[in-house]
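K.L.:
Sharing a sequence plus its predicted fold:
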Amino acid sequence: MTDKSKPDKEQTKQHNLLEPAGHNSLDETEDRFRIMADHAPVMIWMAGLDKLCTFFNLVWLNFTGRTLDQEIGNGWAEAVHPHDYDRCLETYVSAFDARKSFTMEYRLRRSDGEYRWFIDNGIPHYNAQGEFLGYLGSCIDINDRKYAEQLMIEGRREAEHANQIKSQFLAMMSHEIRTPLNAILGILELLTQTSLDNRQLEYLNVATLASNNLLVIVNDILDLTKVESGMLELEHINFDVIELTHLCVRLMMGSAKVKGLKLGVFIEPEVSSLICGDPLRFKQVLLNLLNNAIKFTLKGSVTVVLSKTTKSATDDECVLLVEVIDTGIGISPELQSGLFEVFVQADPSDTRKYGGSGLGLAISKRLVTLWGGTIGLDSSLNEGSRFWFSVGSEATSFKITITHDSKDASKETVPAGDLKASFVANILLVDDSVINQAVLSSMLTTVGHQVDLVGCGADAIKAISDKEYDLILMDVSMPDMSGLEATTIIRQLAVGSDIPIIAVTAHALAGYQDKCLAAGMNGYLTKPISQKDLLSVVNTWCAVNLGAAVEANTHLDLKMDDRILSELTKQFGQQRINELLLLFLTDLSAQSKAVKSAVIQHNILDIERELHTIKSSATIFGAIALQEKAMALEIYCKNKDLSSLQYLVDDFLICVERTSKFIKSICKEQQQT
Ligand code: ADP
């Protein structure tokens, strides 16, 4: 066995190299330490039991340009940068008290006055008996690294700033372009309703096609900007994916028919209809793939397949796979990988031949990635393509079928139907743009509605005090007083508390809908507005108001149980029941406002409480539609599903509005008879 306490021959040899003969061993050790310390490529310091420094090597003294006497004790700290001093002192003292090693970075003043960054490592040191003697530390110059880091941070900050400015510019530009485009599309739509010869009609069709193409590009750029600047918020709600897929296919049926293509849907039996996600964005991606498939297929078919699959080879979580398969021109393998980049098309002549700008797939990829899915394709030249994407988790709560397909806040709208309105609505149009006034009012007056025009919020407030209106269409961005401010004021007036106000806005940014609702608006239309959408909104909000109560009851699927009302009338008499109904309406108005603000404030408990009260009163008066909707939302409250509540609250408020108007019209009729 070897005795480990004795140095071996080799160690003794090396040791002796540094050991000059004839010295006392303590002095010798100290001398050796000093020589090593003074010639080390780092700055070295030592501190005693009282935390005060007792030693600095030559490298340190040369750097600071001070003497040992000036540095020992706390003298050295005078050269520490004032901004770093407190932080360093705290690290030093707390490490010292805990007898722990520490690392800290600080700036130290050089003899020429320049501060340089150092990293300082301190360790507690003990004698052979284990007694604590103080601290030993070494400092390394990290100034170059710090400088490079700083440059990187500044570079990143500048790049982010530039990117933000680019995004804001693009968002502004697309917003500004959409406004005049709205006017162009509106006028073109009105022109088609005038008598035109064949040549004029042809010119009109070309102009409409070009304007619509421009609108697609502007919308694409706005979408891309929103995703890239993080402004796009995805919804996370339950929706019926099978129904939405059928809807997309129905929307594309016309284009497929024109080209003589078969368009079909195949849904694997295991696919459950309810999934959780963003229905509008799902629709956007699927429509883009369908549109491409039809565009690039000259003969044969386009098929949509929904099936279940696992997330990946390693992750067996179930996801929905959506495939769009065509028998079209196909894409060669070398061109496939770049297609999801912006402005990339398989063939540069594609824009000329087929239209499009090469943005659709790039946006689809970003959207699918944002919701945690994947997107891809398989394709062979001249044989066809299969584009696919995956969508996440199945819904957990109960099923609500979503029947809307429009982007505006009023989720369920009544179709515009025949272009001649079956009633006359008194509409106040508030817009500072004379062009917008002309376009929107023409759309409304050509079908028989009455429109009054005002150019600012203040005039709107005056107008509603002078005349009764069935609906206000309110531009949001107006000088002097915005549409939001005007709405807030109107809502405080007795005459304006329950006139439906619909925002007319070119803002398509996330969160804007909330702002409109928070100001007291009932819904919003996004420019450019088609006549169909506009009339649909008018029908939705005004139909019940106009003496067509019974007709509206069936038309709007506003379920009221007549038997309950006549039972109550028998019991209480007509006058009393009218009083009770009006009392119910007053409460309902306050409660629905409370629901709206609780949704905005994300207060699920308050939403649930108000819904519960509404449900009970609705049941008493036989307002079945309202009762059912309140009950449905209550379940979302129980599941703490705020996103679904946010999504469905508009639908609920429309139901409240319609029920109120229906009940008011019954009361009016009773008073007249
Ligand atoms: P756009 O269709 O507006 O040009 P996309 O980003 O949607 O832009 O598509 C990019 C390109 O991918 C198209 O221009 C086309 O070259 C190719 N492509 C997309 N879908 C198909 C398809 N189903 N068949 C053949 N080529 C396609």
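P.N.:
The structure has been received and is ready for your questions. Predicted, not measured: the structure shown is a model, and the values here were computed from it. Numbering: from 1, shown residues only.

K.L.:
For residue 489, give me the pLDDT.
P.N.:
Confidence at residue 489, expressed as pLDDT, is 91.

K.L.:
backbone phi and psi for it, please?
P.N.:
Note on residue 489: backbone dihedrals following degrees, to the nearest 10 are phi -70, psi -40.

K.L.:
what about it, how many neighbours?
P.N.:
Residues near residue 489, counting by other C-beta atoms under 10 Å, number 16. C-betas here are computed from N, CA, C, even on glycine.

K.L.:
now swap in residue 77 and tell me
P.N.:
The number of residues packed near residue 77 is 15, by other C-beta under 10 Å.

K.L.:
Same question for residue 528.
P.N.:
Neighbourhood size, residue 528 [other C-beta under 10 Å]: 23.

K.L.:
Report the secondary structure state of the residue nearest to it when sequence neighbours are not counted.
P.N.:
Excluding the flanking residues, the one nearest residue 528 by C-beta to C-beta, 6 or more residues apart in numbering is residue 182, at 3.4 Å. Secondary structure, DSSP: H, G, I helix; E, B strand; the rest coil: residue 182 is helix.

K.L.:
Am I right that residue 182 is in contact with residue 530?
P.N.:
No - between residue 182 and residue 530 there is no contact under C-beta atoms under 8 Å: 9.7 Å.

K.L.:
Please identify which of these two sits among more neighbours.
P.N.:
When residue 182 and residue 530 are compared for neighbours, residue 182 comes out ahead with 24 against 15, by other C-beta under 10 Å.

K.L.:
Got the confidence number for the more buried one?
P.N.:
Confidence at residue 182, expressed as pLDDT, is 80.

K.L.:
Kindly provide the distance from it to the ligand.
P.N.:
Distance of residue 182 to the ligand, given as C-beta to the nearest ligand atom, to the nearest Å: 22 Å.

K.L.:
And residue 476, by the same measure?
P.N.:
Using C-beta to the nearest ligand atom, residue 476 is found at 30 Å from the ligand.

K.L.:
One more: residue 429?
P.N.:
Residue 429 sits 35 Å away from the ligand, taking C-beta to the nearest ligand atom as the criterion.

K.L.:
what's the one helix or strand that residue maps to in contact with?
P.N.:
According to DSSP states H and E, residue 429 maps onto strand 426-430. Contact with strand 426-430 is made by 437, 440-441, 444, 449-457, 459-460, 463-464, 467-475, 478, 483, 486, 538, 542, as judged by C-beta atoms under 8 Å, 6 or more residues apart in numbering.

K.L.:
Filter the residues you listed down to just the buried residues.
P.N.:
For these, a burial check counting by 16 or more other C-beta atoms under 10 Å picks out 437, 440-441, 444, 449, 451-457, 459-460, 463-464, 469-475, 478, 483, 486, 538, 542.

K.L.:
Could you pick out which of those residues are located in helices?
P.N.:
In helices, defined here by DSSP state H, the members of the buried ones among the contacts of strand 426-430 are 437, 440-441, 444, 457, 459-460, 463-464, 483, 486, 538, 542.

K.L.:
Number of residues surrounding residue 104?
P.N.:
Residue 104 has 19 neighbours, counted by other C-beta under 10 Å.

K.L.:
again with residue 359
P.N.:
Per other C-beta under 10 Å, the neighbour tally for residue 359 reads 20.

K.L.:
okay but it is in contact with residue 343, surely?
P.N.:
Yes - with contacts counted by C-beta under 8 Å, residue 359 reaches residue 343, the gap being 6.7 Å.

K.L.:
chain center to the strand holding residue 429, what's the gap?
P.N.:
Taking C-alpha atoms, centre = their mean, to the nearest Å, one finds the center of strand 426-430 at 32 Å from the center of the full chain.

K.L.:
what comes up buried for it?
P.N.:
Using 16+ other C-beta under 10 Å as the test for burial, strand 426-430 gives 426-430.

K.L.:
measure residue 474 to the ligand for me?
P.N.:
The gap separating residue 474 from the ligand is 35 Å, by C-beta to the nearest ligand atom.

K.L.:
so who does the closest residue to that residue other than its chain neighbours touch?
P.N.:
Leaving aside its sequence neighbours, residue 474 sits nearest to residue 483 (C-beta to C-beta, 6+ apart; 4.2 Å). When contacts are counted by C-beta under 8 Å, 6+ apart, residue 483 touches 430, 457, 474-477, 503-505, 519, 521.

K.L.:
Nearest to residue 603, out of those residues: which one, please.
P.N.:
Taking C-beta to C-beta as the measure, residue 603 lies nearest residue 519 of those, at 18.5 Å.

K.L.:
tally of neighbours for the closest one?
P.N.:
When counting by other C-beta under 10 Å, one arrives at 21 neighbours for residue 519.

K.L.:
where's it relative to residue 597, distance?
P.N.:
11 Å (C-beta to C-beta, to the nearest Å).

K.L.:
Assess the claim that residue 560 and residue 662 are in contact.
P.N.:
Yes - using C-beta under 8 Å, residue 560 makes contact with residue 662 at a distance of 6.6 Å.

K.L.:
What is the subsequent helix or strand relative to the helix or strand where residue 306 lies?
P.N.:
Taking DSSP H and E as the criterion, the element that holds residue 306 is strand 301-310. Sequence-wise, the next helix or strand downstream of strand 301-310 (DSSP H and E) is strand 318-326.

K.L.:
for that next one, which positions count as buried?
P.N.:
For strand 318-326, the neighbour count (16+ other C-beta under 10 Å) marks 319-326 as buried.

K.L.:
can you list the residues that contact that strand?
P.N.:
Identification of contacts with strand 318-326 by C-beta under 8 Å, 6+ apart yields 241, 245, 271, 275, 286, 289-290, 292-294, 296-297, 300-311, 373, 384-394.

K.L.:
what element comes up after it heading to the C-terminus?
P.N.:
Next in sequence after strand 318-326, counting helices and strands by DSSP H and E, comes helix 333-336.

K.L.:
do that following helix and the ligand meet?
P.N.:
No - judged by C-beta under 6 Å from any ligand atom, helix 333-336 and the ligand are separated, with a smallest distance of 7.6 Å.

K.L.:
Show me which residues of the stretch 551-673 of the chain sit near the ligand.
P.N.:
Contact residues, the stretch 551-673 of the chain versus the ligand (C-beta under 6 Å from any ligand atom): none.

K.L.:
Flag the shaky bits of the stretch 551-673 of the chain, pLDDT-wise.
P.N.:
Applying pLDDT under 70 to the stretch 551-673 of the chain flags the ranges 551-559, 643, 647, 669-673.

K.L.:
Strands of that one, start to end?
P.N.:
With DSSP state E, counting those that start in this stretch as the criterion, the stretch 551-673 of the chain has no strands.

K.L.:
Helices along that one, start to end?
P.N.:
Secondary structure of the stretch 551-673 of the chain by DSSP state H, counting those that start in this stretch: the helices cover 562-572, 574-600, 604-621, 624-638, 642-672.

K.L.:
of all the ones you listed, which lies closest to residue 251?
P.N.:
Of all the helices of the stretch 551-673 of the chain, it is helix 642-672 that lies closest to residue 251, at 21.0 Å by C-beta to C-beta.

K.L.:
So which bits of that closest one are buried?
P.N.:
Those would be 642, 644-667, for helix 642-672 by 16+ other C-beta under 10 Å.

K.L.:
Confirm that residue 504 lies within a strand, as I assumed.
P.N.:
Yes - with three-state DSSP as the criterion, residue 504 is part of a strand.

K.L.:
What parts of the protein come near the ligand?
P.N.:
Near the ligand, when you scan the chain using C-beta under 6 Å from any ligand atom, you find 288, 292-293, 296, 326, 328-329, 331, 339, 345-347, 350, 356-362, 385.

K.L.:
Cross those residues against helices and list the overlap.
P.N.:
Applying DSSP H to the residues of the chain next to the ligand, the entries found in helices are 288, 292-293, 350, 360-362.

K.L.:
Which among those count as buried?
P.N.:
Members of those classed as buried by 16+ other C-beta under 10 Å are 288, 292-293, 350, 360-362.

K.L.:
Out of the residues you listed, which is nearest to residue 578?
P.N.:
Among these, residue 288 lies closest to residue 578 (C-beta to C-beta), at 53.7 Å.
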